[in-house]
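[1] Make a model of this:
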Amino acid sequence: MLRDHSREKLLNAVTYFVQNTKACGKTKLYKLLYFFDFQHYTQTGRSVTGLEYYAWPKGPVPRSLHDEIALPAQDFATHFEVENLVLRNGNEMLKLTPLKPFDSSHFSKRELRILEALAREFCTSTADQMIEATHLENLPWHQVYEKEGRRQELIPYELALRKGDKDQAVGAIREHEEFNENYGDRRDVPS
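    Numbering: from 1, shown residues only. Coordinates of the predicted model:
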């Protein structure tokens, strides 16, 4: 039977971003995960973490993770200590402290490259800068929230694809599904 490692990838991606970027509160984390999943989707036709993102006013939000931070599942609670900090300006910031080391074993080389590149690119970015980066015209959040006026609605991964890339991605998805049907879970195959 095929084993889905998206949960392990999610927990470890959170660990990686918290450890490798500065001031990685909830807002910044959500945007990093969004870029991670959507960039991977444009290259392979599938997300890494299995999260779905919704068009909220400050950008894409993985609603299930947002809800889980308030009421953590057992595996999340054993991976992270969750604190709400009050900043000097009176604003609050969520602080996640990893309780387990980052484990790269469930990630493909492609996924690790994207993870590392995003951490480098946004290492010192603030939450406001991350919000601005997700609000750029022609990106999926902008399409759903601004152009279509579908506030709080699901952001389809397909919006990350350029029109010419869509057929290629659909082919990659079919190929991946066919491979899984025929051979099951093989982590030694690069994605």
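[2] Spit out the contact partners of the nearest residue to Tyr16 once chain neighbours are set aside.
    If the residues on either side of it in the chain are set aside, Tyr16 comes closest to Phe102, at 5.1 Å by C-beta to C-beta, 6 or more residues apart in numbering. (Glycine included, C-beta is placed from N, CA and C.) If a contact means C-beta atoms under 8 Å, 6 or more residues apart in numbering, then Phe102 has 12, 15-16, 19 as its contacts.
[3] ok, so what distance separates Phe102 from Asn89?
    Look at Phe102 and Asn89: by C-beta to C-beta, to the nearest Å, they are 31 Å apart.
[4] same question, Leu96
    Remark: distance between Leu96 and Asn89 (C-beta to C-beta) = 20 Å.
[5] that older thread, buried subset of the contacts of Phe102, written for ChimeraX?
    To isolate the buried members of those in ChimeraX, using 16 or more other C-beta atoms under 10 Å:
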select :12,15,16
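[6] Which of the contacts of Phe102 fall in helices?
    If you go by DSSP state H, these have 12, 15-16, 19 in helices.
[7] Now render the contacts of Phe102 as JSON lines, adding distance to Leu32.
    Shown next, in JSON lines, are the contacts of Phe102 (distance: C-beta to C-beta, whole Å):
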{"residue": "Asn12", "distance to Leu32": "13"}
{"residue": "Thr15", "distance to Leu32": "12"}
{"residue": "Tyr16", "distance to Leu32": "9"}
{"residue": "Gln19", "distance to Leu32": "12"}
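[8] okay if I get the contacts of Phe102 as JSON lines plus distance to Pro156 and pLDDT?
    Output for the contacts of Phe102, formatted as JSON lines (distance: C-beta to C-beta, whole Å; pLDDT from 0 to 100):
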{"residue": "Asn12", "distance to Pro156": "25", "pLDDT": "98"}
{"residue": "Thr15", "distance to Pro156": "28", "pLDDT": "98"}
{"residue": "Tyr16", "distance to Pro156": "26", "pLDDT": "98"}
{"residue": "Gln19", "distance to Pro156": "31", "pLDDT": "97"}
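[9] show me the contacts for Asn89.
    So Asn89 contacts nothing (C-beta under 8 Å, 6+ apart).
[10] Give me the pLDDT value at it.
    Listed pLDDT for Asn89 reads 83.
[11] Give me the below-cutoff pLDDT ranges for the chain.
    1-3, 163-177, 179-180, 184-191 (pLDDT under 70).
[12] quick one: the residue positioned nearest the centre of it from Glu52, how far?
    The chain has Leu33 as the residue nearest its centroid, 2.2 Å off, counting by C-alpha atoms, centre = their mean. Distance, Leu33 to Glu52, by C-beta to C-beta: 11 Å.
[13] joint contacts of the two?
    Pro62.
[14] What count of nearby residues applies to the closest residue to Ser6 other than its chain neighbours?
    Nearest non-adjacent residue to Ser6, counting by C-beta to C-beta, 6+ apart: Gly50, 3.5 Å away. Gly50 has 15 neighbours, counted by other C-beta atoms under 10 Å.
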